[in-house]
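Undergrad: Need a 3D model of the following:
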Amino acid sequence: MAKANSTRPATTLEITFTHETLAHVREALLIGLAAYGEIERLSNAQEARARIGKKTKKDLRVIHPTGTADTVSRFADALRFLD
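TA: Below you'll find the model as predicted:
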């Protein structure tokens, strides 16, 4: 699926995907992006409840998988890379 092009410097990698593979990778990225959106929605709801004094049980708290602010940008970069 991916192979190094020996005529280029060692840091260059040429990747070839079939249309089917690209469709699967896009689908997986979109699922991940939707899941990230759901985590954000739940985190926001949890924060709103905390502001009005309603605590969330420890075992029900949303744990952010990346903990970074650039997650959406990273998904966008990955989708751009495929084009």
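
Undergrad: Return the distance of the longest helix anywhere in the chain from the chain's centre.
TA: The longest helix of the chain (DSSP state H) is helix 19-51. Mean C-alpha position of helix 19-51 versus that of the full chain (C-alpha atoms, centre = their mean, to the nearest Å) differs by 7 Å.

Undergrad: Could you give the backbone dihedrals for Ile15?
TA: Main-chain torsions, Ile15, degrees, to the nearest 10: phi -120, psi 130.

Undergrad: scratch that, Leu79 is what I was asking about
TA: Taking degrees, to the nearest 10 as the convention, Leu79 sits at phi -70, psi -40.

Undergrad: correct me, but it touches Leu29?
TA: Yes: counting by C-beta atoms under 8 Å, Leu79 touches Leu29, with 5.7 Å between them. Yep, even glycine has a C-beta here, placed from its N, CA and C like the rest.

Undergrad: count of residues packed around Ile63?
TA: 7 (other C-beta atoms under 10 Å).

Undergrad: Please apply the same query to Arg26.
TA: 14.

Undergrad: Contact partners for it?
TA: 79, 82 (C-beta atoms under 8 Å, 6 or more residues apart in numbering).

Undergrad: Any figure for the gap between it and Val72?
TA: Separation of Arg26 from Val72 (C-beta to C-beta, to the nearest Å): 16 Å.

Undergrad: Tell me how many other residues crowd Glu27.
TA: By other C-beta under 10 Å, the residues close to Glu27 number 10.

Undergrad: how far away is it from Asp77?
TA: With C-beta to C-beta as the criterion, Glu27 and Asp77 are 17 Å apart.

Undergrad: before we move on, the earlier item: mean confidence (pLDDT) on the longest helix of the chain, please.
TA: When pLDDT is averaged over helix 19-51, the result is 92.

Undergrad: Just the buried residues of that helix, please?
TA: Buried residues in helix 19-51, defined by neighbour count with 16 or more other C-beta atoms under 10 Å: 29, 33, 36, 39, 46.

Undergrad: was I right about the last one contacting Lys58?
TA: No: contact criterion C-beta under 8 Å: Gln46 and Lys58 do not qualify, at 11.7 Å.
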